[in-house]
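Trainee: what follows is a predicted structure for the sequence shown.
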Amino acid sequence: MPIGVKVLARPIDEVSYVRAAVKGMALTFKHLINPHKVTVQYPEHRDPLSPRWRGTHRMLTTEDGTAKCVACGLCPAVCPANCIKLVPGEDENGNRYPLVFEIDEFRCIFCGYCQEVCPEEAIHVGRHYENSEYSRDGFVYDLERLMAQTHPVCEMWDPADPKGE
Amino acid sequence: MLLPASLPPMLQRIVDPQAPPADVGFFGPIGVPLIYTIVKLLIVFTVYMVGVALLTLAERKISAWIQDRLGPNRVIKGWGQPLADGVKNFMKEETLPDAANKPLFLLAPAMAFIPALTVWAVIPFAAPLPLRWGRMDMVLADLPIGYLYILALASLGVFGVVLAGWASNNKYALLGGLRSSAQMVSYEIAMGMSTVPILLLAGDVSLSTIVRQQEQNGWYVLTLTVACFIFIVSAFAETNRLPFDLPEAESELIAGYHTEYSAMKFSLFFIAEYANMVTASALMATLFFGGWTVPFWHAVNNAPWAWWKTAITLGAFLFKVLFFLFFYMWIRWTLPRFRYDQLMSLGWKILLPLTIGYVVVIAGATLGLDALGVPRTPWHGWPVYSLCLLALNIGLIGLLFVVADRGRLISPASARVRAAELARLRAVRQRSTLAHEATSGAGD
Ligand code: SF4
Ligand code: SF4
């Protein structure tokens, strides 16, 4: 036996195996007949998501249907998972816009920094989680697809209102 | 039933529904008994297998409810789940490890399954049914040595597990097999010994006699409570159910002896476990809880054999068996698993001496009561003999569960060291550290 290991004296006289077992069985029986079950019947019934839920991304658009993104490059810079691919472009008026904007949802860790950092409130993480695919390629969302998302977006944590009230 | 006396005696026996069928019947030399047996065999086997399938559903439902979940509720509201599981198991790939010993690997699931099934043959599950061709005993084979047969076959179950563990050529499986052999061998002794008091009281090893005795003198759970407790505990160990499921301890051994099994072969182990449970529950009901008899309902108990009596007693028996099955599951989802050394010390150091002591006590008590002239059968409607034993058992249970049941029964996580020994070890350590510091200091 290793020396120096502290061996606690067991409360030998208070321990009773049969009584402890009966107590445990009474507890499990109480749960057995307890009508309150925690199971959610998922596909039919969905629990509402928190307003701060960070899920599948969504790119917001302006009134004329183009992406709000001005290709400033902040979100690819801040992204800790390095999963945003941005190639900026510029039109004849000197307005910058994203030529390529892709987010690999498979690499994304849904930290929400991209939404936090975006000056134009263009890219958002959304309140949505059902984004499974049959292939890995399917997880790379391009600009079209990001703009086509319709789910509500995440309300970021507000320091002035920490409890979200 | 009143037949003219002029009929030959053979024919009288054939048509008396209260008597067992004659050996010579309408269908040749061994006709009626053979046909009876085949019919019973088919019915019992079917009910048994369907019951086992439904038990897997019951287990999942009960575990879910205990954990505040709902359990399987999709395939036909959950009722189709056993069927879906069965189909899945048939479709799955059969794996056969290269290094496995193939004949034994294939044989093991059957070896685990068959003993559980065959034990059922001697358990009487209802009152006999009177038919036109003679009485049909509601037991597949009313062996005069029923109980010994059960002990003999129950010990065969371990072979399936050990062979599976050994033939898989996998260290986890082998460890599971080893554990199970040690466990089953140890608890078998306690289990066998715990039923000796029954034999002392009943004076017979045929299960039908044991049931009839309990109908007259009260259930053995009242007169032999301690034996019943030990039997239930060892039956849990024998069937490898929690808290004694060390052979398949998932957290330590992956899945124990059936690690390498897949598809239907795995399923067979699974079925074997439930079949063992059913059999053990039926044994508990038969040996200690009056078998198919209905307590305090003399209208039924004293009636001659009739179809309704068969139906009621069958219901009573099923109720008892289902209760014990529920009890099995209830325990499983309540208690955690024993540690291996605790399991062994519980078996050898507690249960075995306890049963042997109990046999001596009961033997002494019966001897004393007989010497005092207390009749074994009820006396003026009062089962005095049983009441004396009940009083004795209440005392013993109090002694066991209140006084003796303390933490020292099962060994703690680390060995206790005597104070003197501890001081010596500490001194040794002190010296070695000092010496070490001295040498390292000199090196600087
Ligand atoms: S949520 Fe985080 S990880 Fe995902 S794209 Fe935005 S910044 Fe990158
Ligand atoms: S931070 Fe906003 S504006 Fe800047 S590149 Fe990202 S999405 Fe576009």
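Mentor: Sure thing, it's come through. Ligands and ions are numbered 1, 2, ... in the order given.

Trainee: pick out the residue nearest the middle of chain A.
Mentor: By Cα atoms, centre = their mean, chain A has its centre lying nearest to A:Arg54, at 3.7 Å.

Trainee: how about chain B?
Mentor: Geometric centre of chain B, nearest residue: B:Ala280, 2.3 Å, by Cα atoms, centre = their mean.

Trainee: return the residues in contact with it.
Mentor: Shown in contact with B:Ala280 (Cβ atoms under 8 Å, 6 or more residues apart in numbering or on different chains): B:235, B:238-239, B:324, B:328. Where C-beta positions appear, they are placed from N, C-alpha and C, glycine not excepted.

Trainee: cutoff 10 Å now
Mentor: Residues near B:Ala280 by Cβ atoms under 10 Å, 6 or more residues apart in numbering or on different chains: B:116, B:119, B:154, B:191, B:231-232, B:234-236, B:238-239, B:241, B:321, B:324-325, B:328.

Trainee: show me which residues of chain A sit near ligand 2.
Mentor: A:69-75, A:86, A:117-120, A:122-123 (Cβ under 6 Å from any ligand atom).

Trainee: repeat that for 8 Å
Mentor: A:59, A:67-76, A:78, A:84, A:86, A:88, A:98, A:101, A:114, A:117-123 (Cβ under 8 Å from any ligand atom).

Trainee: how is chain B partitioned into domains?
Mentor: B:40-89, B:92-404 (automatic domain parsing).

Trainee: now chain B against ligand 1: closest residue?
Mentor: B:Arg69 (32.5 Å; Cβ to the nearest ligand atom).

Trainee: can you give me phi and psi for the closest residue to that residue other than its chain neighbours?
Mentor: Spatially, and ignoring its direct neighbours in sequence, B:Arg69 is nearest to A:Thr39 (5.0 Å; Cβ to Cβ, 6 or more residues apart in numbering or on different chains). Dihedral angles of A:Thr39 (phi, psi; degrees, to the nearest 10) stand at phi -60, psi 140.

Trainee: where's B:Phe326, which helix or strand?
Mentor: Element membership for B:Phe326, per DSSP states H and E: helix B:307-332.

Trainee: oh sorry, the question was meant for B:Arg135
Mentor: strand B:134-136.

Trainee: what's that strand packed up against?
Mentor: Here strand B:134-136 is seen to pack against helix B:9-15, helix B:31-66, strand B:129-131 when contacts are counted using 3 or more Cβ pairs under 10 Å, 6 or more residues apart in numbering or on different chains; DSSP states H and E.

Trainee: quick one on the thing from earlier: quick check, the residue of chain B closest to ligand 1 in a helix?
Mentor: No: counting by DSSP: H, G, I helix; E, B strand; the rest coil, B:Arg69 falls outside a helix, being coil.

Trainee: give the buried residues for the helix holding B:Phe326.
Mentor: Neighbour-count burial for helix B:307-332, counted by 16 or more other Cβ atoms under 10 Å in any protein chain shown, picks out B:309-310, B:312-314, B:316-318, B:320-322, B:324-325, B:328-332.

Trainee: what angle sits between that helix and helix B:31-66?
Mentor: Orientation check (axes from the mean of the first three to the mean of the last three Cα atoms, to 10 degrees): helix B:307-332 against helix B:31-66 gives 40 degrees.

Trainee: could you confirm whether helix B:307-332 reaches chain A?
Mentor: Yes: against chain A, helix B:307-332 shows contacts by Cβ under 10 Å from any Cβ of the partner chain at B:326-327, B:329-332.

Trainee: next structured bit after that helix?
Mentor: Beyond helix B:307-332 toward the C-terminal end (DSSP H and E), the next one is helix B:340-345.

Trainee: can you list the weak-confidence ranges in the chain?
Mentor: Unless you meant another one, I'm taking chain A. Along chain A, the model assigns pLDDT under 70 to residues A:1-5, A:7-10, A:162-165.

Trainee: not quite, go with chain B.
Mentor: B:1-31, B:249-250, B:407-417, B:433-444.

Trainee: whether the longest helix seen in chain A contacts chain B - can you check?
Mentor: Counting residues, the longest helix found in chain A (DSSP state H) is helix A:17-33. Yes: Helix A:17-33 lies within reach of chain B by Cβ under 10 Å from any Cβ, at A:17-33.

Trainee: so which residues of chain A form strands?
Mentor: Ranges of strands in chain A, per DSSP state E, are A:55-59, A:84-90, A:96-104, A:123-126, A:140-141.
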